[in-house]
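[1] No letters, just coordinates:
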Ligand SMILES: NC(=O)c1ccc[n+]([C@@H]2O[C@H](COP(=O)([O-])OP(=O)(O)OC[C@H]3O[C@@H](n4cnc5c(N)ncnc54)[C@H](OP(=O)(O)O)[C@@H]3O)[C@@H](O)[C@H]2O)c1
């Protein structure tokens, strides 16, 4: 991360919420600790709960101690950080809140001797509150058009709940902010391992020539969790895993694996190439929607020796819910590079293991030269996003001995053993990029729109056919049998190995 010293003020709407406490403020503190924050930096939190600046500082101090990767922070550093932290209490629907905020910003910025700093509004609030805050920011003169170069807005997911609502939200955002001011966050893109996908592909000479339909048989993208809804039952029951994970994180991974090299590594060029991947996705026909998309939901089962309840018995979940906690499907990119190569995507909760990975399965060699009992396994490149971040390459090797027996062996790179410091939290990188005005790792308007266009037909199909039940799977399994059959029908199988796991 590079050092910029342009003064900056971050305003977090939703400053008494979970995201602020667990992610945003600990990330800002880590940036401070590592010398990445500008010397004149201020943080202003806005939320409904009554608090003084002092009380807010106390809460944020605890949040840093509990959740930052620094463990227990240096007291002097923390105090210095907190001394630049302020709070405004008010309801988002109240015009006065924005007057108080404006007064506070004037006080804070003039006390710091700062005029016209970079200002980042961070919407860490329920999506239902996005429009009201956007409208009031404009009305209160907190986002003047002639200062678009220094004022930015970060918007949390979910960005809409289908294609139409995503477009409506984009239009609302653009009434107050130009596209260049808008940072739609997908924290997956802030993960080191996700950024490394492009570095791995494009900073090495040996992989890119193989990265196409001639050498790759198929690609599997998996986001598997062992957790259930963890107190978010109400939210999740409305959303489902297709909206929560696939529309954003998984399609971003697909874009990074599938995209063409950009002509420059800048925000517009990288995002242009990602959008082309989404545009190349073959639309689902009626037959695919009916037969080739597996929607599952967990029933009770055992995870790591403990009994866990069925999804429908989770708190705040409708006991008759048909919400998807698992989804699996196959897509094709109809472009020159990938024509005919299937991409299998699956995401699930309460599965047998926790892993986010991209498994690139290569074609077999053209000729089997070695006479042996079984054919060698094809090469496999595993990009392991989490846990145990790293890259694994499976190659065939002769087992020592008089006969030719070919065993699969692994060449591996692990972050944990290669680098002496762990990767920064995704939010650290993303907050800093937004302060610096670099939107490469944020989703552009058209990217979000195309991503919604991919999943909306599935959502509409499920809605139009409420009588079609979800397929059930026991918690602690790898999902419904229908998910296995989906890929087996093509003569393939899901890759369920998790590196580092016995
Ligand atoms: N939590 C996560 O890990 C996570 C991860 C990814 C995305 N997100 C997204 O981030 C956003 C925030 O999530 P969260 O989990 O932090 O939510 P949360 O814990 O419910 O916090 C919501 C915040 O918004 C404030 N708020 C809500 N309505 C308000 C109003 N009318 N006036 C003033 N303040 C209001 C709340 O203030 P009071 O409590 O004081 O009323 C609180 O500070 C959501 O869009 C969520 O989808 C969260």
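    The structure has been received and is ready for your questions. Predicted, not measured: the structure shown is a model, and the values here were computed from it.
[2] quick one, what contacts residue 444?
    Going by C-beta atoms under 8 Å, 6 or more residues apart in numbering, residue 444 touches 179, 184, 267, 271, 275. (C-beta placed from N, C-alpha, C; glycine too.)
[3] Can you tell me which of those residues are buried?
    For the contacts of residue 444, burial is judged from neighbour counts taken by 16 or more other C-beta atoms under 10 Å, and it is met by 184, 267, 271, 275.
[4] For residue 374, grab the count of nearby residues.
    Residue 374 is surrounded by 7 other residues when neighbours are defined as other C-beta atoms under 10 Å.
[5] same check, this time on residue 402
    5.
[6] Now residue 332: phi and psi?
    Backbone geometry at residue 332, expressed as degrees, to the nearest 10, gives phi -120, psi 140.
[7] ok, it - how many residues close by?
    14.
[8] correct me, but it touches residue 342?
    Yes - counting by C-beta atoms under 8 Å, residue 332 sits close enough to residue 342 to count as a contact (6.3 Å).
[9] Just list the residues touching the closest residue to the ligand within the stretch 151-300 of the chain, thanks.
    Closest contact between the stretch 151-300 of the chain and the ligand, by C-beta to the nearest ligand atom, is at residue 156 (3.7 Å). Remark: with contacts taken as C-beta under 8 Å, 6+ apart, residue 156 is in contact with 19, 123, 124, 125, 127, 185.
[10] Does the fourth one belong to a helix, a strand or coil?
    In the three-state summary, residue 125 is assigned as coil, counting by DSSP: H, G, I helix; E, B strand; the rest coil.
[11] OK, contacts around it?
    Residue 125 neighbours (C-beta under 8 Å, 6+ apart): 13, 14, 17, 92, 133, 156.
[12] Pull the number of nearby residues for the fourth one.
    Around residue 92 sit 21 other residues, with neighbours defined as other C-beta under 10 Å.
[13] per-residue confidence for it?
    Residue-level confidence at residue 92 comes out at 97, pLDDT.
[14] ok, now the second one?
    Per-residue confidence for residue 14 comes out at a pLDDT of 97.
[15] Might one say that it is in contact with residue 20?
    Yes - in this structure residue 14 lies within contact range of residue 20 using C-beta under 8 Å: 6.0 Å.
[16] Common neighbours of those two, please.
    Joint contacts of residue 14 and residue 20 (C-beta under 8 Å, 6+ apart) are residue 124.
[17] re the thing from before, is it possible to export the contacts of residue 156 to a markdown table including distance to residue 110 and pLDDT?
    Formatted as a markdown table, those follow (distance: C-beta to C-beta, whole Å; pLDDT from 0 to 100):
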| residue | distance to residue 110 | pLDDT |
| --- | --- | --- |
| 19 | 29 | 95 |
| 123 | 25 | 97 |
| 124 | 26 | 97 |
| 125 | 27 | 96 |
| 127 | 34 | 92 |
| 185 | 30 | 95 |
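[18] give me the number of residues near the residue in the chain positioned nearest to the ligand?
    The ligand sits closest to residue 17 of the chain, with a gap of 2.2 Å, by C-beta to the nearest ligand atom. Under the neighbour criterion other C-beta under 10 Å, residue 17 is assigned a count of 17.
[19] Give the burial count for the closest residue to residue 151 other than its chain neighbours, as a bare number.
    The shortest distance from residue 151 to any non-neighbouring residue, by C-beta to C-beta, 6 or more residues apart in numbering, is to residue 119 (5.0 Å). Neighbour count of residue 119, defined by other C-beta under 10 Å: 22.
[20] Now tell me what touches the helix ranked longest in the chain from outside.
    Looking across the chain with DSSP state H, the single longest helix is helix 445-464. With contact meaning C-beta under 8 Å, 6+ apart, helix 445-464 is reached by 159-160, 162-164, 166-167, 170, 179, 182, 184, 242-243, 246-248, 251, 255, 271, 274-275, 278-279, 281, 283-284, 289-290, 293, 295, 322, 324, 327, 329, 331, 443, 468.
[21] buried ones in stretch 95-103?
    97, 98, 101.
[22] same question, stretch 448-458
    448, 449, 450, 451, 452, 453, 454, 455, 456, 457, 458.
[23] on that earlier part again, so what's the gap between the longest helix of the chain and the chain middle?
    With C-alpha atoms, centre = their mean, to the nearest Å as the basis, helix 445-464 stands 17 Å off its chain's centre.
[24] In this protein, where is pLDDT below threshold?
    Low-confidence regions of the chain, defined by pLDDT under 70, span residues 1-3, 372-373, 501-502.
[25] For the spatially most central residue of it, which non-adjacent residue is closest in space?
    By C-alpha atoms, centre = their mean, the chain has its centre lying nearest to residue 188, at 2.9 Å. Using C-beta to C-beta, 6+ apart and skipping the chain neighbours, the partner closest in space to residue 188 is residue 249 (4.3 Å).
[26] ok, how many other residues are close to that neighbour?
    Going by other C-beta under 10 Å, the residues that sit close to residue 249 add up to 22.
[27] May I ask you to confirm that it belongs to a helix?
    Yes - under three-state DSSP, residue 249 falls within a helix.
[28] Quick check, it in contact with residue 223.
    Yes - with contact defined as C-beta under 8 Å, residue 249 reaches residue 223; the gap is 6.5 Å.
[29] now the end-to-end length of stretch 397-412.
    Between the opening and closing residues of stretch 397-412 there is a gap of 15 Å (C-alpha to C-alpha, to the nearest Å).
[30] and for it, what are the contacting residues?
    With C-beta under 8 Å, 6+ apart as the criterion, stretch 397-412 contacts 370-373, 376-377, 390-396, 499.
[31] now for the helix or strand harbouring residue 417, which elements pack on it?
    For residue 417, the element it lies in under DSSP states H and E is helix 415-418. Secondary-structure packing of helix 415-418 (3 or more C-beta pairs under 8 Å, 6 or more residues apart in numbering; DSSP states H and E): strand 390-398.
[32] What is the distance between the strand it packs on and the centre of its chain?
    For strand 390-398 - counting by C-alpha atoms, centre = their mean - the centre lies 28 Å from the chain centre.
[33] Residue ranges of each domain in this protein, please.
    Recorded structural domains for the chain (assignment: automatic domain parsing) are 8-187, 189-488.
[34] Give me the distance between the last one and the centre of its chain.
    Its chain's C-alpha centre lies 11 Å from the corresponding centre of domain 189-488 when counted by C-alpha atoms, centre = their mean.
[35] And the ligand, is it touching that?
    No - Domain 189-488 lies out of reach of the ligand by C-beta under 6 Å from any ligand atom, never closer than 7.0 Å.
[36] and the end-to-end length of that domain?
    31 Å.
[37] Quick check: the gap between residue 311 and residue 291.
    24 Å (C-beta to C-beta, to the nearest Å).
[38] Which of the two has more residues huddled nearby?
    A direct count of neighbours by other C-beta under 10 Å for residue 311 and residue 291 places residue 311 higher, at 29 against 11.
[39] In contact with the more buried one, which residues?
    Here residue 311 is in contact with 228, 229, 297, 298, 299, 317, 321, 323, 325, 349, 350 (C-beta under 8 Å, 6+ apart).
[40] Would you check how far apart the residue lying farthest from the centre of the chain and residue 377 are?
    The outermost residue of the chain relative to its centre, with distances by C-alpha atoms, centre = their mean, is residue 402 at 49.7 Å. The gap separating residue 402 from residue 377 is 22 Å, by C-beta to C-beta.
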